[in-house]
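In: what would the 3D arrangement of this be:
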Amino acid sequence: MHPVAILHEVRQLYNVSDRLDLLAAQHPLISEALISISGSVRNTATLLEVLVAMKITPLSGLDPAGG
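Out: Predicted coordinates:
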């Protein structure tokens with residue numbers, strides 16, 4: 001998978017996390033669980049982004065922030 005494609009998926013994960021946060025505000029009965037899941041998704045996206053920056057980007061010369 002090309003680094004740009006991976007970074008696109010990272011952005012998708014951040015979007016999912018944001019949507020889960022919004023749902024948490026709308027559903028108080030399950031808000032704590034949604035916030036927890038949202039944080040896990042966001043952390044996973046961040047780790048994936050760091051992995052691309054450290055392992056793939058130096059090899060390809062791609063700027064991960066410019067995605």
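
In: who are the packing partners of the helix or strand that residue 9 is a member of?
Out: Element membership for residue 9 (DSSP states H and E) is helix 3-26. Under the contact criterion of 3 or more Cβ pairs under 8 Å, 6 or more residues apart in numbering; DSSP states H and E, helix 3-26 touches helix 31-51. Heads up, the C-betas are built off the backbone N, CA and C, glycines and all.

In: low pLDDT regions in this protein?
Out: For the chain, the stretches with pLDDT under 70 are 1, 57-67.

In: could you rerun that using 90?
Out: Low-confidence segments of the chain (pLDDT under 90): 1-3, 54-67.

In: any idea which residue is closest to the centre of it?
Out: residue 45 (2.7 Å; Cα atoms, centre = their mean).

In: so how far is residue 34 from the spatially closest residue to residue 9 that is not a sequence neighbour?
Out: Nearest non-adjacent residue to residue 9, counting by Cβ to Cβ, 6 or more residues apart in numbering: residue 48, 7.3 Å away. The spacing between residue 48 and residue 34, counted by Cβ to Cβ, to the nearest Å, is 21 Å.

In: tell me which of these two has more neighbours.
Out: Neighbours per residue, other Cβ atoms under 10 Å: of residue 48 and residue 34, the larger number sits with residue 34, 20 against 15.

In: surely the more buried one and residue 18 touch.
Out: No. In this structure, residue 34 is not within contact of residue 18 by Cβ atoms under 8 Å, at 11.7 Å.

In: please report the distance of the residue in the chain sticking out farthest from the centre from residue 23.
Out: For the chain, the residue at maximal distance from the C-alpha centroid (Cα atoms, centre = their mean) is residue 29, at 25.0 Å. Residue 29 sits 11 Å away from residue 23, going by Cβ to Cβ.

In: repeat for residue 31
Out: Taking Cβ to Cβ, one finds residue 31 at 8 Å from residue 23.

In: ok, now residue 12?
Out: As judged by Cβ to Cβ, residue 12 and residue 23 stand 16 Å apart.
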